[in-house]
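Peer 1: Quick one: sequence plus predicted model below, questions after.
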Amino acid sequence: MELHVRYEGDDDPEKCSARKLARFDLATLHRSARSTPSGIVLDPHADRALSPDDERDADSDRAGSHGRLVALDCSWETAEAEAFKLDGPHRSLPFLVAANPVNYGTPFQLNTVEAFAGALCILGHRDRAEETLGKFRWGHTFLELNDEPLRRYADCSDSTEVVEIQSEYLDA
């Protein structure tokens, strides 16, 4: 699965996980919405949660908008719904906890590499998630903190089941 980033460049370049992914040829950065290819857009404002069902859809449509994950790399202060105007089906990530040094322990405040890793795990590409996170000294912590929910989400058949499991964590 290809990783693409609509890159805003408004965060500290030294702490930017998207830039680091690009340096290791693990993701491609795009400076405009027009140059960003269509794909499954990781969008916290989306109405539907990402589920393994999205991977099955991607398998049947490799030449189309699937087969790619697309994330927006911007500051959380500017991450409004308008900023996510990108082509492809929009999916939100379910409850996951950040492990990065800036937002450690904060639910739903993932940086770009964490969003990609969470999505990859849910879609059945855990090895790729580990490879991607391996470039960050805190990367293994993301998988450790979220091991149980990521495994449970990956076992779901559709978005409805993912939301049901997420509700268990939010109610706890």
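Peer 2: Good, I have the coordinates. Residues are numbered from 1 along each chain as shown.

Peer 1: Would you map the strands across the protein?
Peer 2: 2-7, 28-30, 40-42, 68-73, 90-91 (DSSP state E).

Peer 1: Neighbouring strands of the fourth one in the sheet, and parallel or not?
Peer 2: Spelled out, that is strand 68-73. strand 2-7 (parallel), strand 40-42 (parallel) (DSSP bridges).

Peer 1: Present these as JSON lines; the columns should include mean pLDDT and distance to Thr132.
Peer 2: Yep, even glycine has a C-beta here, placed from its N, CA and C like the rest. Shown next, in JSON lines, are these (pLDDT from 0 to 100; distance: least, Cβ to Cβ, whole Å):
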{"stretch": "strand 2-7", "mean pLDDT": "95", "distance to Thr132": "8"}
{"stretch": "strand 40-42", "mean pLDDT": "95", "distance to Thr132": "13"}
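
Peer 1: Pick the most deeply packed of those strands.
Peer 2: strand 40-42 (a mean of 24; mean count of other Cβ atoms under 10 Å).

Peer 1: Tell me which of the strands paired with strand 68-73 approaches Glu130 most closely.
Peer 2: Closest approach to Glu130 among the strands paired with strand 68-73 is made by strand 2-7 (14.1 Å; Cβ to Cβ).

Peer 1: Help me confirm that Lys85 comes into contact with Ala33.
Peer 2: Yes - contact status for Lys85 versus Ala33: in contact at 6.0 Å, counting by Cβ atoms under 8 Å.

Peer 1: what would the strands of the chain look like in TSV with distance to Phe136?
Peer 2: Output for the strands of the chain, formatted as TSV (distance: least, Cβ to Cβ, whole Å):
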stretch	distance to Phe136
strand 2-7	14
strand 28-30	17
strand 40-42	18
strand 68-73	15
strand 90-91	23
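
Peer 1: Next, give phi and psi for Ser51.
Peer 2: Main-chain dihedrals, Ser51, degrees, to the nearest 10: phi -150, psi 170.

Peer 1: Could you check how far it is from Asp12?
Peer 2: 33 Å (Cβ to Cβ, to the nearest Å).
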